[in-house]
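Asks: give me the fold of what follows.
(one chain, ligands or ions: 1)
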Amino acid sequence: MKKKLINLYETNLPLNFEIESIEMPIDDSIGKPLFPMRISIEIKKLSSELFLCKGKIEVSFIDTCQACLNETVLKLDINIDTSIKDELSINKSEEVIDESHYQDLKFFDLDKLIVEEIYLNYPSVTYCPGRVNDEDKNLKLEQKVQPFKKIRDLLD
Ligand SMILES: [Zn+2]
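Replies: The predicted structure follows:
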C-alpha cells in the first residue's frame, strides 16, 4: 500500500476515512497488532491553522499477560478527539506544546496520527481478560454473568 500524504491546507475538508487497514507502522514496544484494523475518522477545519480529528480505531493486539505470562488478546476501542496543528508553528510561537497532534500539515500522514493515538491509549500493563485494572468492577460483572467462571478457572 502506497502512503498517501495529504496537504491539509489545500484539500477539501471535511475528509472522511472508513478504512480496514492491513498495515500500520507500529514498533515492538507494544503488542503485535492483529489486522485488519478498523478506522473511522473525520478531519475538519476549525481555522486556517487548526484542524480537528474525530473518530474511532478498533484494533486487537497479541500481548503477554503480566500476571500469568501467557499470550492474550487485547482489544482496544479508541475514541479520537484531538486537534491537529502544524509542527512548523511550534518554533514561531512561544506557545507551550499542548495535547494536540503535531505534523507538517502540507504532508499530513494519517498513519502517524493513528499510530500516535494507539501508543497513547495502549495500557502500560496488559492482563488476560477477567483480570483488568478495575478488579472489583470486573469481579461483580463476572459474578453476575458467569457465576461459575471462578470455579472453572480453578479446574483448568
Ligand atoms: Zn494472565
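Asks: what about the residue nearest the centre of the chain, which SS state?
Replies: Nearest residue to the geometric centre of the chain (C-alpha atoms, centre = their mean): I118, 2.8 Å. At I118 the chain is in helix, as set by DSSP: H, G, I helix; E, B strand; the rest coil.
Asks: now tell me which helix or strand of this protein has the poorest mean pLDDT.
Replies: In the chain, no helix or strand scores lower on mean pLDDT, DSSP states H and E than helix 135-145, which sits at a mean of 50.
Asks: just to revisit the earlier point, tell me the pLDDT at the residue nearest to the centre of the chain?
Replies: For I118, the model assigns a pLDDT of 98.
Asks: OK, contacts around it?
Replies: With contact set as C-beta atoms under 8 Å, 6 or more residues apart in numbering, I118 has these partners: 24, 26, 30, 57, 59, 76, 78. C-betas here are computed from N, CA, C, even on glycine.
Asks: run the last query once more with 7 Å
Replies: Going by C-beta atoms under 7 Å, 6 or more residues apart in numbering, I118 touches 26, 57, 59, 78.
Asks: do any residues in whatever helix or strand the third one lives in lie close to the ion?
Replies: Take DSSP states H and E as the rule and V59 turns out to sit in strand 50-64. No: residues of strand 50-64 contacting the ion under C-beta under 5 Å from the ion: none, with a closest distance of 8.6 Å.
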